[in-house]
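A.B. asks: I would like to see how this sequence folds:
(chains A and B)
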Amino acid sequence: MSSLEVKLLSEHYDKPEFQGLEGYKKHGGYEVLVKALKMEPQKIIDEVKASGLRGRGGAGFPTGVKWGFLPNNDEPRYLLCNADEGEPGTFKDRVMMERAPHQLIEGMIISAFAVKSHKSYIYIRGEYDEPARILRKALDEAYEAGLLGKNILGSGFDHDMDLYRGAGAYICGEETGMISSLEGLKGQPKLKPPFPAIQGYLKKPTIVNNVETLAAVKYIIRDGADAYRKYGTEKSAGTKLFSISGNVVKPGTYEVPLGISLKDLIFDVCGGLKPGRKLKAVIPGGSSAPILTAEESLKVNMDYESLAQSGSMLGSGAVIVIDDSNDMVDLLDVTLHFYHHESCGQCTPCREGTGWISKITHSIKNGEGTTKDIDLIKNVAEHMMGKTICALSDAAAMPAISFVTKFRDEFEAYVNKGVERRGEDAHA
Amino acid sequence: MPKCTINGKEIEVPQGTTVIEAFKMLGDDICHYCWHPGLSVAGVCRLCMVHIEGMPKLQIACNTEVRDGMVVTNQTDDVKDTVKWGLDFHLINHPLDCPICDQAGECGLQDQYMKFGKYDPEMAEPKVKKHKVVDLGPTVVLDSERCILCSRCVRFTEEVTETNELGIFNRGDRAEIGTVQGRPLDNNYSLNTVDICPVGALTSKDFRFRQRVWYLKDSESICPGCSTGCNVKVYFNEEGLWRVKPRYNAEVNGHWMCDEGRNTYKYVNAAHRLKKVKAGQSGDWSQEEVFPETMKLGEKFRAAAEKNPESIAVLVTGQYTNEEFKNFFEFVADELKVKNIFHWINNPEKFDDFDGLLLRGDKNPNTYGLKEEMKSRGGFKSLEDLQGKMSQFEWVLVLGPENQSQFPDLKEKVDLLSQAKSVIWLSACETPELDALRAPTHQIPMKTYIEKEGSFTNFKGLVQEFKRGTTVIEDALTLQEVVALLRGHELDYRNRPQPIGGTKKNHFTNVRGQL
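C.D. replies: Below you'll find the model as predicted:
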């Protein structure tokens, strides 16, 4: 284990017993819930605000602030756990749910108590068969132990929790798409305003948080906001579970403090590149994050601000490491095929644009493209940015723009190869 | 009431007004497809983009409420560029088959592209193939490739008819409109989906391939199909009428009308019409010139009435204008002192029906006006008084229905009147039912609603005026003209309305056959 790793959320992930209620309790499980249920709900919200915890699903919105948007009334409200984890490259929620389902459940009950919600759902992606099975079992255990249902641990607080399995749509990881899906509708994002905190699931105030965010709440309440802030940077507090994939020696899920350098993450924590390979690029925050060149990635730190400054984003913390054995045109083709396939089809720029740039990229890859096509990808993608209800359009546009800008030579090579074969003028 | 500035112009709007509505109030151009004033906001076409001072990103005008002090414009380069590209996104997979598309000439995509478009298409990739000529139901055909997925039709069946036949299936650029499990789009308002479709994706089975819309003129009128009195536009050319569409009136029909009302153009066309006076009886009819014959008839009719008003019976339907009724009763009831006036309604059992949206069981546009006119004259006699007393009457004058198909007891009435000594039946249409009359009869050709002007009073007492649109049968008479001729007055033939000119003949009509 690298000395740069920390074990806060993941402290007991290596112990198989941590999955069951008994084993979980052996390691202090549900003790924080007992503490939380004796606190004033507002105090919990204040503590989360003070901790600087930001949404771990991708957007990085301050969790306590989000909770603060709920209207101050007695309306029923819902807490939804976003376990749809669909961003290519991301798999940390799966590890958390498999290794420590009760950690999530405890974090959710504490959060629900704080926001005064009596009903929550874990919306888990359809492909997560095993995690769903494990969570289902954990929920049964929790109900049996009086940790869910009426009058939890004699506190007078009632809370019901349910598991809902998605049907495999990426868009259902977008919070309003998830709400539509949970409502039994086609999984399509909703217009904002109104925002979910005001009008969400079943038109009631709703909070949607990521698995990791909700699990972290437990540790903020256990140790206090100040202790949590010891990790990370001023604006990006706490630890983060990174899913690291691609051409590193030890891919996997690692918990490290936010602000760690990407260089350390790759070369220390993950054991570096495979022998004889050269770093070409890194996608630091899931396939939708703009790609960084090798040079850029060796300078950047893994926190919200540093990555934004470098023109990319932390996203869900999915780091995809690309070395010189990878072909950038091929990678973009695969990436755009994904977003084309997953666009829900509501907003025209996304519905039509994702297909368009995917087809152009595919043409280039097949040696049928022109130099103009490379510019066109960028031009079309730029007109897809920020023009739609949700961020899926941007998610396709950002890799498209960054790939063709930063690795234009590779795209041109494909064009030229095709031209040579056909015997045309590349710039015609 | 919040005040805002739109493209440099200040406007005060009611609380809750959206930015797009404020644009419409000002009459400023704003590109949009999915927004429709009669439906909820979908916010999916992403074309009504505006720049709002203080906001980092462009906003859609349809989902943004006007707040006090808001400064909005759609004249920045950024907005114009976004709209241009937005239109291109709509068009890249659109088949651009305008030459064979029924919507051409009244297509939102054409109109808005001419106004806001990029004019420099760059799409060279193969287009997405989707279903063509999808039979959605008895009235509507879908071309999915033309569809821009604005979801207006889906929202219409969700929110207005609440029948939920339509949905969007699949996702991304494979998304298509369709019906659930092949169930047909079959409700009495289905053709509104064709009206609100901004492109040629949904076309009316009744109208498609019949006319190019630029060959048509339109005239604002009132639907004569029932007592609701929906405000409509009637489309016609020299060959006749081709379709009826709703016209917005918040007080009566909003944006919509029913499919039944849309059929009211059919019986107006020449093929169904009575063109001359038909004199005779069942199996033995002769065609007579309208004016001399009606005047001759008037002499006999007046003589009989002057001798004994009780020898005359009048059967009235609520299918004539207020002005016609007034003129008619002044003659028949006031001058000739006829007392035997009977009200013939279409279907007593269903007369008070209402479908909750627009359609009423009273299939007459002016029952209210008729009753008002008769109030001061002591009202109607009971229809039962007619039974078995036919032979008492020298003359029975029938103000027959224009739209006979809505009168299920037509045959019964024909049988009843066959016992009369002589009948004058005013009718717009020539039908076998009327030709079965066995009493000596004169059928007098009447004008239809689109051929005359006047007013109808709808079920709730709203008087709605309408103008003449066109003339289909020149010799057909209005009720005022019938009254004049019966009184023995010459008509000023030269000043009678002529068919509307100026429309171009569509020489391709004959290829498809006549109406």
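
A.B. asks: going forward, measure contacts and count neighbours with C-alpha atoms only.
C.D. replies: Noted.

A.B. asks: tally of neighbours for the residue of chain B found nearest chain A?
C.D. replies: Distance from chain A to each residue of chain B (Cα to the nearest Cα) is smallest for B:G172, at 3.7 Å. For B:G172, the neighbour count with other Cα atoms under 10 Å in any protein chain shown is 23.

A.B. asks: Return the residues in contact with it.
C.D. replies: B:G172 is in contact with A:H340, A:H341, A:E342, A:S343, A:C344, A:G345, A:Q346, A:C350, A:R351, A:E352, counting by Cα atoms under 8 Å, 6 or more residues apart in numbering or on different chains.

A.B. asks: got a winner among those for most neighbours?
C.D. replies: That'd be A:C350 among the contacts of B:G172, by other Cα under 10 Å, with 34 neighbours.

A.B. asks: residues in contact with the closest residue to it other than its chain neighbours?
C.D. replies: Once flanking residues are discounted, A:C350 sits nearest to A:S393: 4.8 Å by Cα to Cα, 6 or more residues apart in numbering or on different chains. A:S393 is in contact with A:S343, A:P349, A:C350, A:G353, A:T354, A:M384, A:M385, A:G386, A:K387, counting by Cα under 8 Å, 6+ apart.

A.B. asks: Can I get these in TSV including secondary structure, distance to A:M302 and pLDDT?
C.D. replies: Compiled in TSV, the contacts of A:S393 are given as follows (DSSP: H, G, I helix; E, B strand; the rest coil; distance: Cα to Cα, whole Å; pLDDT from 0 to 100):
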residue	secondary structure	distance to A:M302	pLDDT
A:S343	coil	29	98
A:P349	helix	31	97
A:C350	helix	29	98
A:G353	helix	31	98
A:T354	helix	29	98
A:M384	coil	27	97
A:M385	coil	24	96
A:G386	coil	24	95
A:K387	coil	28	96
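
A.B. asks: Among those, give me the pair with the biggest separation.
C.D. replies: Pairwise distances across the contacts of A:S393 (Cα to Cα) peak at 14.8 Å, for the pair A:S343 and A:G386.

A.B. asks: follow-up on the earlier one: closest one of the contacts of A:S393 to A:E11?
C.D. replies: Nearest to A:E11 among the contacts of A:S393, with distances taken as Cα to Cα, is A:S343, at 37.7 Å.

A.B. asks: Nearest spatial neighbour of that closest one, chain-adjacent residues omitted?
C.D. replies: B:G172 (4.6 Å).

A.B. asks: Please tell me how far the one you found sits from A:P71.
C.D. replies: Per Cα to Cα, to the nearest Å, B:G172 is found 35 Å from A:P71.

A.B. asks: and if you look at A:A396?
C.D. replies: Distance from A:A396 to A:P71, by Cα to Cα: 34 Å.

A.B. asks: Could you tell me the phi and psi values at A:D268?
C.D. replies: The phi/psi pair for A:D268 (degrees, to the nearest 10) reads phi -100, psi -70.

A.B. asks: number of nearby residues for it?
C.D. replies: Neighbours of A:D268 using other Cα under 10 Å come to 16.

A.B. asks: What is the burial count for the spatially closest residue to it that is not a sequence neighbour?
C.D. replies: Closest residue in space to A:D268, ignoring its immediate chain neighbours: A:S2 at 6.7 Å, by Cα to Cα, 6+ apart. When neighbours are defined as other Cα under 10 Å, A:S2 has 13 of them.

A.B. asks: Assign a three-state SS to A:S2, would you?
C.D. replies: Assigned with DSSP: H, G, I helix; E, B strand; the rest coil, A:S2 falls in the coil class.

A.B. asks: thought it was touching A:F267?
C.D. replies: No: in this structure, A:S2 is not within contact of A:F267 by Cα atoms under 8 Å, at 10.3 Å.

A.B. asks: now the helices: where do they sit in the stretch 1-150 of chain B?
C.D. replies: Secondary structure of the stretch 1-150 of chain B by DSSP state H, counting those that start in this stretch: the helices cover B:19-26, B:77-91, B:108-116.

A.B. asks: Would you convert these into TSV that also reports mean neighbour count, mean pLDDT and distance to chain A?
C.D. replies: Output for these, formatted as TSV (neighbours: other Cα atoms under 10 Å in any protein chain shown; pLDDT from 0 to 100; distance: least, Cα to the nearest Cα, whole Å):
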stretch	mean neighbour count	mean pLDDT	distance to chain A
helix B:19-26	18	97	14
helix B:77-91	21	96	6
helix B:108-116	17	90	13
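
A.B. asks: Dump these into a markdown table; add distance to A:P257 as well.
C.D. replies: Shown next, in a markdown table, are the helices of the stretch 1-150 of chain B (distance: least, Cα to Cα, whole Å):
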| stretch | distance to A:P257 |
| --- | --- |
| helix B:19-26 | 46 |
| helix B:77-91 | 40 |
| helix B:108-116 | 51 |
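
A.B. asks: now the strands: where do they sit in chain A?
C.D. replies: Using DSSP state E, the strands found in chain A span residues A:78-83, A:119-124, A:160-165, A:206-210, A:239-246, A:252-257, A:279-283, A:292-293, A:318-323.

A.B. asks: for those strands, which one sits closest to chain B?
C.D. replies: Ranking these by proximity to chain B (Cα to the nearest Cα) places strand A:160-165 first, at 19.5 Å.

A.B. asks: what's next to that closest one, contact-wise?
C.D. replies: Counting by Cα under 8 Å, 6+ apart, A:118-126, A:132, A:135-136, A:139, A:148-150, A:182 sit against strand A:160-165.

A.B. asks: ok, back up a step: settle it for me: which of A:A396 and A:P71 has more neighbours?
C.D. replies: A:A396 (31 against 13).

A.B. asks: Count residues in the vicinity of the residue of the stretch 151-300 of chain A found nearest chain B, would you?
C.D. replies: As assessed by Cα to the nearest Cα, chain B sits closest to A:L191 within the stretch 151-300 of chain A, at 6.9 Å. For A:L191, the number of neighbouring residues by other Cα under 10 Å comes to 16.

A.B. asks: That one is in contact with B:R46, isn't it?
C.D. replies: No: using Cα under 8 Å, A:L191 is not in contact with B:R46; the gap is 11.5 Å.

A.B. asks: still on that earlier bit, kindly indicate which of the contacts of A:S393 lies nearest B:I424.
C.D. replies: Taking Cα to Cα as the measure, B:I424 lies nearest A:P349 of the contacts of A:S393, at 65.9 Å.

A.B. asks: give the contact list for that closest one.
C.D. replies: Going by Cα under 8 Å, 6+ apart, A:P349 touches A:H383, A:M384, A:K387, A:T388, A:S393, B:C45, B:R46, B:G86, B:F89, B:H90.

A.B. asks: Fine by me, thanks again.
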